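In: here is a sequence together with a model predicted from it:
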Amino acid sequence: MPQAGDQAPAFQLADQDGNPVSLAQFAGRSVVLYFYPKDDTPGCTVEACGFRDEHSALEAAGVVVLGVSADSTASHRKFATKFNLPFPLLADVDHTLSEAYGVWGEKSLYGRKFLGITRATFLIGPDGVLKQVWPKVKVNGHVAEVLAALKGEAPAADGAVKKSAAKKAPAGKKVAAAKKAPAGKTVSGKSAATRKAAAKKAAPAAKAPRAAKKAATAKKSSAGKKAAAAKKASAGKKAAAAKKAAAGKKPGAGKKMALVKKASAAKKASRK
């Protein structure tokens, strides 16, 4: 497989409409040459639609997109029509181009071995020199990698891309942990369960003053009631005593009056 810095192998193949397409006709422009195993299969469809969806951005960057597989022109035409692919699909039926780029070889699927194309992408510069190679493409996010490479933002190798993604993983974990923290932990790291236990432990201490205050109020109320009852009882006794005393004095007063009357009568009798 040719590497970045090598001269890109020249080619000329028919596209889905039978038109001849060569590398030479794109001299002075960048070319994204991507190899895929087979038309209208899940992974190949995702990859083709990814290049389709970003085709305007790729064209704006001055890039030509070319897809290559060992399928026939008729198969390519059906595939391109079904998914509205706006770029040429080259029919490498005798796998000459695939071999030149080192992507043709033995493959294995469900224990069955066969010869076919390994998914790979080559970025060819305007001077015909390979600028970047993706030897084992993962379809999800691949088009974004190509766009980043065109902007000079991507690492120089596929392995470097993976390494970069791996470095970013801990940050994602930290964000996930931070999102979960408010639900179960405080800033100090104490769990909700710990805080709940502490609150229960503090509850009796908070209840004690209230209980004492309540007891004091009840005691004061009881004392007040007793005092009122005692006062009432005392007043009742005094009133009874006064009444009795008054009743006892009345007979003496009547006797005294009788004596006075008797003396007065005796005095009058003596005068006569």
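Out: Perfect, thanks for sending it. Because the structure is a prediction, the values reported are computed rather than measured. Numbers count the residues shown, from 1 in each chain.

In: and Asp71, that one's in a strand?
Out: No - Asp71 sits outside any strand when classified using DSSP: H, G, I helix; E, B strand; the rest coil, being coil.

In: count of neighbours near it?
Out: Other residues within reach of Asp71, judged by other CB atoms under 10 Å, total 24. Every C-beta, even on glycine, is put in place using the N, C-alpha and C of the backbone.

In: now it. Nearest residue, chain neighbours left out?
Out: Asp39 (4.6 Å; CB to CB, 6 or more residues apart in numbering).

In: part of a helix, is that neighbour?
Out: No - counting by three-state DSSP, Asp39 is located in no helix; its state is coil.

In: what score does it have for pLDDT?
Out: Note for Asp39: predicted pLDDT of 98.

In: which parts of the protein are strands?
Out: For the chain, the strands defined by DSSP state E cover 12-14, 20-22, 30-35, 63-69, 89-91, 104-109, 112-117, 120-124, 130-134.

In: may I have the fourth one as PDB, with CA atoms only?
Out: What it means is strand 63-69. This file holds the C-alpha atoms of strand 63-69, laid out as PDB (Å, rounded to 0.1, in the frame of the first residue of the first chain):
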ATOM      1  CA  VAL A  63     -11.900  18.300  -3.800                       C
ATOM      2  CA  VAL A  64     -13.000  15.600  -6.200                       C
ATOM      3  CA  VAL A  65     -14.600  12.500  -4.700                       C
ATOM      4  CA  LEU A  66     -14.200   9.100  -6.400                       C
ATOM      5  CA  GLY A  67     -15.500   5.800  -5.100                       C
ATOM      6  CA  VAL A  68     -14.000   2.500  -6.200                       C
ATOM      7  CA  SER A  69     -15.200  -1.100  -5.900                       C
END
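
In: elements contacting that strand?
Out: strand 30-35, helix 42-53, strand 89-91 (3 or more CB pairs under 8 Å, 6 or more residues apart in numbering; DSSP states H and E).

In: switch to 7 Å and redo it
Out: Here strand 63-69 touches strand 30-35, strand 89-91, going by 3 or more CB pairs under 7 Å, 6 or more residues apart in numbering; DSSP states H and E.
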